[in-house]
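Chemist: build me a model:
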Amino acid sequence: MEEPHHGIRALHTASTITVYQAYAPEIGVTAVRDGRFPSTWLRDRMTWIKPSFLWMMYRSNWGTSAGQETVLAVEITRAGFDWALRHACLSGYRRGLHPDRGTWQRELKRAPARVQWDPERDLNLRPLAHRSLQLGLSGEASSRYADEWTVSISDVTPLAREIRTLVNRGDLDSATRLLPQEQRYPAGDELLAHLRP
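Modeler: Just a heads-up that it's a prediction; the model follows:
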């Protein structure tokens, strides 16, 4: 099946979707231990969640970038994720999608979530032709994410290191077998029409 240029692929169940974030250990390790984000996690700051494991590996350099040494898999409710999509605005103005730049700016200011589409990555972290969704949460969306939507938080840093070791050895088949089994997320036009450039 051909990849849509702008689509969401994710590890998901009937009721949850897994997204990824990377933090310094003082936040990441505490979040895993307690099953929720600690008080030092700033709810009033924009937080970006990524359904793509490999895009998170690209962003955090396999969990080695400063301040991103702990890679988290955060399982959240699909109802919450879908709410964020419904209330999101594209992070950039797109002629034809938005009536004009002023309307887009007003929507962006009001929206508790924003969407960016960045090139998906392969195992060598090279860009692919199709795009991967990054979902920024702020205000109400950020608080709901931390306090209502989160089902579980796990540390996937060891998995990231194991896959990276296999990639560095050139064993891409073994690395591929360890990747989370991301499938197309059932987000139709009702959720994405206002977010596709």
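Chemist: CA only for contacts and neighbour counts going forward, please
Modeler: OK.
Chemist: so which residues make contact with the longest strand seen in the chain?
Modeler: Of all the segments assigned as strand in the chain under DSSP state E, the longest by residue count is strand 127-137. Here strand 127-137 makes contact (CA atoms under 8 Å, 6 or more residues apart in numbering) with 3-9, 46-52, 55, 84, 112-122, 145.
Chemist: cool, and stretch 117-125?
Modeler: By CA under 8 Å, 6+ apart, stretch 117-125 touches 6, 52, 54-55, 57-58, 127-134, 167, 172, 175-176.
Chemist: picking up where we left off before, which strands and helices lie in contact with the very next helix or strand once past the longest strand of the chain?
Modeler: The helix or strand immediately downstream of strand 127-137 is helix 139-144, counting by DSSP states H and E. Judged by 3 or more CA pairs under 8 Å, 6 or more residues apart in numbering; DSSP states H and E, helix 139-144 is in contact with no other helix or strand.
Chemist: residue 73: neighbouring residues, count only.
Modeler: For residue 73, the neighbour count with other CA atoms under 10 Å is 23.
Chemist: with residue 102 instead?
Modeler: 11.
Chemist: what do you get for residue 98?
Modeler: Using other CA under 10 Å, the number of residues around residue 98 comes to 17.
Chemist: residue 14 now?
Modeler: For residue 14, using other CA under 10 Å, the count is 7.
Chemist: give the contact list for it.
Modeler: residue 78.
Chemist: state whether it is indeed within a helix.
Modeler: No. Counting by DSSP: H, G, I helix; E, B strand; the rest coil, residue 14 is not part of a helix but coil.
Chemist: identify each buried residue in the longest strand of the chain, please.
Modeler: Neighbour-count burial for strand 127-137, counted by 16 or more other CA atoms under 10 Å, picks out 130-137.
Chemist: which of those residues sits closest to residue 33?
Modeler: Nearest to residue 33 out of the buried residues of strand 127-137 is residue 137 (CA to CA; 23.0 Å).
Chemist: partners of the residue nearest to that closest one when sequence neighbours are not counted in the sheet?
Modeler: With CA to CA, 6 or more residues apart in numbering as the criterion, residue 137 has its nearest non-adjacent residue at 4.6 Å, and that residue is residue 113. In this entry, residue 113 is beta-bridged to residue 88, residue 137, by DSSP bridges.
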